[in-house]
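**Q** Please work out how this folds:
(2 chains)
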2 protein chains.
Amino acid sequence: MNPDFAVTRKMFELPEGVIYLDGNSLGPLPKAAMARVAATMQDEWGQMLITAWNRAGWMDQPRVLGDRIGRLVGAAPGTVVLGDTLSIKVWQALAAALALRPERRVILSDTGNFPSDLYMAQGLARLLGDGYRLVTVAPEDVAGAIDETVAVTMLTEVDYRTGRRHDMAALTALAHEKGALAFWDLAHSAGAVAVDLAGSGADFAAGCTYKFLNSGPGGPAFIYVAPKHAQMALPALSGWLGHEAPFAFDPDYRPGHGIDRMRVGTPAILQMAALSAALDVWEGVEPAAVHAKALELGDRFIDGVLAGCPMLQLATPRDHGARGSQVSFRHPEGYAIMQALIARGVIGDFRAPDILRFGITPLYIGVNEIDQAVAILTEVMRGRLWDRPEYKVRAAVT
Amino acid sequence: MNPDFAVTRKMFELPEGVIYLDGNSLGPLPKAAMARVAATMQDEWGQMLITAWNRAGWMDQPRVLGDRIGRLVGAAPGTVVLGDTLSIKVWQALAAALALRPERRVILSDTGNFPSDLYMAQGLARLLGDGYRLVTVAPEDVAGAIDETVAVTMLTEVDYRTGRRHDMAALTALAHEKGALAFWDLAHSAGAVAVDLAGSGADFAAGCTYKFLNSGPGGPAFIYVAPKHAQMALPALSGWLGHEAPFAFDPDYRPGHGIDRMRVGTPAILQMAALSAALDVWEGVEPAAVHAKALELGDRFIDGVLAGCPMLQLATPRDHGARGSQVSFRHPEGYAIMQALIARGVIGDFRAPDILRFGITPLYIGVNEIDQAVAILTEVMRGRLWDRPEYKVRAAVT
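**A** Numbers count the residues shown, from 1 in each chain, chains lettered A, B, ... in the order given. A predicted model of the protein is given here:
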């Protein structure tokens, strides 16, 4: 059954006069998050003080929220835990994977992967020395590049620039065939597409919560470890909350049970309160239904834009099986075009060197917004309204 | 000039009937944090959406807040940055220090150090292999144990159990004499004592903000790198926000300028909003004056408790030069005694195996609270009021 998107839409604070097509970068404010965070501050922090770690269940939040996210990405209860940032979680997963394949030296990724994943892998390989290295190939060449030198594949399922989607099950099977492990970055998947971590056989995964899961700026990341590895993956970032008995204050590290060992330090409780409210929107909502609606709206957007703006080049695959939920176009003046759009209330974003990104997020975006965005983009392109000096001044964050 | 503690006290939400002596674990709610976080959510996240990263200055918060904390720990502007948890920041500092002493293999610490620091060092040494190891000695034996094998000393200035304070300047000088680097954990120092990172010659430091700086549960950590190392300390956790140009999306990591390279992933903006309000309390307040008052109140507490409760053993040095701001006592039934105190509105905490901890935090604790706490503790001890089964059941978090 399709979720009632008119209902989910009312659960978000959306400013007047804005068409928000950037939920793939930062999801909007769920209305319930205001009261949830205020209660966490006033009633828990303010009144219970230190005792809230027990009495308000703060210490359990990383696992409680992990299970709620697990449902959205096809992971069994007890296999996902929240904490840190996605970059840290990528690093933890890679370090654990390399330890499980001690005779291999290659982390294989693709050139379309998000740079922070590549950077973290480079940093880990440099730290380990001894021949460890990151190898990147074009996204379409990944399958052919998996061989017996590869310890772990590090792939982002949905490309942050183009929205192109890897075949998680097929590539994971290929990796396993060659004796490699598969790590998946779900930054642009969780809450956007139907992910089946358990079904695809993924070994490790990680993702962020501030995009399609709407947890707010700097919301915590999550990590998944397949049950078969959970007791073997000895954490390289061995923090006290990943210890078997954190409050025994033993001098020696002993890893906690299963996924708990992937916890590191004190969880960010205010961010988790916002996430908790954001996940309420997902009650009774299946990612598959959201993705289906995003594809339908995306087709409408693509058709409209290509009809009205022949100077824009589609960067996203048309094939439903090969894309996530965002839609992207290329244009050499992409930065200025996006500034002209934002000035007119259509918020998408730009990714160097030439990508205009539009997040299609059915929880709060419908046909009306898509049609209005097409009309405004068409107006901007036909009238060359982007061709003004003030639209070409780059901001620090784009 | 002494700060007016009657004024700072009014800036905190303190529940009726509670004497809060656990600000060394979680500081209380600064009243202004409620409105600050609400505005960040409603006006920035809610209304500006993605553009708030620039327009609301979110992306700069780790450096802006870093400079504000820098003032409280004797660090020059541009040498402190916020982010992650303390465990991660400890790891980053150790990895950077080891890279600066490639011919040495020992991280030297003391057995009183907070376990997470020891665990993170163990994890790093295990990952590096090649003879790297953590060596711990008794706190009083550190000075004698620094030799030419030591790459870096890892010491927490103020002991989390006893409140014993290391001599940062003297031990740093000793480390340098032997060619080692000095890393300092300021978890129980920042906001509690007058730290002089620059003056003491410390090479690296890190700390948390949710204790004496009152940023709330899971508030971000901070890291300090001495200016002379800032361009040399290549980060092992090389995340995109530590890149020279994060939004260029280069495939290869190039470290950012100075302390910026110690940033990793997306900053936790809601927690930073709370921290920002919490730091307003410190405007015009010098840590030295806060420490002086804490010592005075601490003496009063020690004298009162020792007079009323001869069965408790003082675990904190009496010497003002050798202690931070907390006061601790030992008793084999420490856990039950603390539960009995909490049931009577005196909140301190217990640390295994036998330590009763009391945070003395003059920003919001004065003579009246100290005297009441002494009276209640005396009543509990004299009447053996702790000797009840329900006080002996251990909670998950103690």
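**Q** Am I right that residue A:95 is in contact with residue A:127?
**A** No: the criterion here is Cβ atoms under 8 Å, and residue A:95 misses it with residue A:127 at 9.3 Å. Quick note: C-beta positions are derived from backbone N, CA and C, even for glycine.
**Q** okay, and the common contacts of the two?
**A** Common contacts of residue A:95 and residue A:127 (Cβ atoms under 8 Å, 6 or more residues apart in numbering or on different chains): residue B:127.
**Q** what about the nearest residue to residue A:137 once chain neighbours are set aside, neighbour count?
**A** Closest residue to residue A:137 apart from its sequence neighbours, by Cβ to Cβ, 6 or more residues apart in numbering or on different chains: residue A:145 at 4.6 Å. Residues within reach of residue A:145, counting by other Cβ atoms under 10 Å in any protein chain shown, total 18.
**Q** right, is stretch A:235-242 up against chain B?
**A** Yes: Stretch A:235-242 is in contact with chain B by Cβ under 8 Å from any Cβ of the partner chain, via A:235-241.
**Q** Of these - the most surrounded one?
**A** Among the residues of stretch A:235-242 next to chain B, residue A:239 has the most neighbours (other Cβ under 10 Å), with 29 neighbours.
**Q** give the contact list for the closest residue in space to that one that isn't next to it in sequence.
**A** Sequence neighbours aside, residue A:264 is the residue nearest to residue A:239 in space, at 3.4 Å (criterion: Cβ to Cβ, 6+ apart). Residue A:264 makes contacts with A:83-84, A:88, A:92, A:235, A:237, A:239, A:241-242, B:85, B:87-88, as judged by Cβ under 8 Å, 6+ apart.
**Q** Among those residues, which are located in helices?
**A** Mapping the contacts of residue A:264 onto helices (DSSP state H) picks out A:88, A:92, B:87-88.
**Q** By proximity to chain B, which residue of the stretch 51-200 of chain A wins?
**A** Minimum separation of the stretch 51-200 of chain A from chain B (Cβ to the nearest Cβ) falls at residue A:85, amounting to 2.7 Å.
**Q** got a list of what that residue touches?
**A** Neighbour list for residue A:85: A:208, A:218, A:220-221, B:84, B:239, B:264-266 [criterion: Cβ under 8 Å, 6+ apart].
**Q** quick one: which of the residues you listed has the most company?
**A** Counting neighbours by other Cβ under 10 Å, residue B:84 comes out on top of these with 32 neighbours.
**Q** who does residue A:355 bridge with?
**A** Counting by DSSP bridges, residue A:355 is bridged to residue A:330, residue A:351.
**Q** Distance of it relative to residue B:383?
**A** If you measure residue A:355 against residue B:383 using Cβ to Cβ, to the nearest Å, the figure is 72 Å.
**Q** And these two? Which one has more around it.
**A** Using other Cβ under 10 Å as the criterion, residue A:355 and residue B:383 rank with residue A:355 on top: 23 against 10.
**Q** mind giving me the domain split of chain A?
**A** A:5-29+A:286-391, A:34-280 (automatic domain parsing).
**Q** Deepest in the core, which of the ones you listed is it.
**A** Counting by mean count of other Cβ atoms under 10 Å in any protein chain shown, domain A:34-280 has the highest mean neighbour count of the domains of chain A, with a mean of 22.
**Q** which non-adjacent residue is nearest residue A:155?
**A** Leaving out its chain neighbours, residue A:155 is closest to residue A:166 (Cβ to Cβ, 6+ apart), at 5.5 Å.
**Q** Let me see the contact set for the one you found.
**A** When contacts are counted by Cβ under 8 Å, 6+ apart, residue A:166 is found next to A:139, A:142, A:155-158.
**Q** Between these, which sits nearest residue A:50?
**A** residue A:156 (39.3 Å; Cβ to Cβ).
**Q** can you give me phi and psi for the closest one?
**A** phi -90, psi 120 (degrees, to the nearest 10).
**Q** Please report how far the nearest residue to it once chain neighbours are set aside lies from residue B:307.
**A** Excluding the flanking residues, the one nearest residue A:156 by Cβ to Cβ, 6+ apart is residue A:185, at 4.0 Å. Look at residue A:185 and residue B:307: by Cβ to Cβ, they are 61 Å apart.
**Q** and what of residue A:118?
**A** From residue A:118 across to residue B:307, the span is 64 Å (Cβ to Cβ).
**Q** Please name the residues that touch residue A:84.
**A** A:220-221, A:264-265, B:84-85, B:88, B:265.
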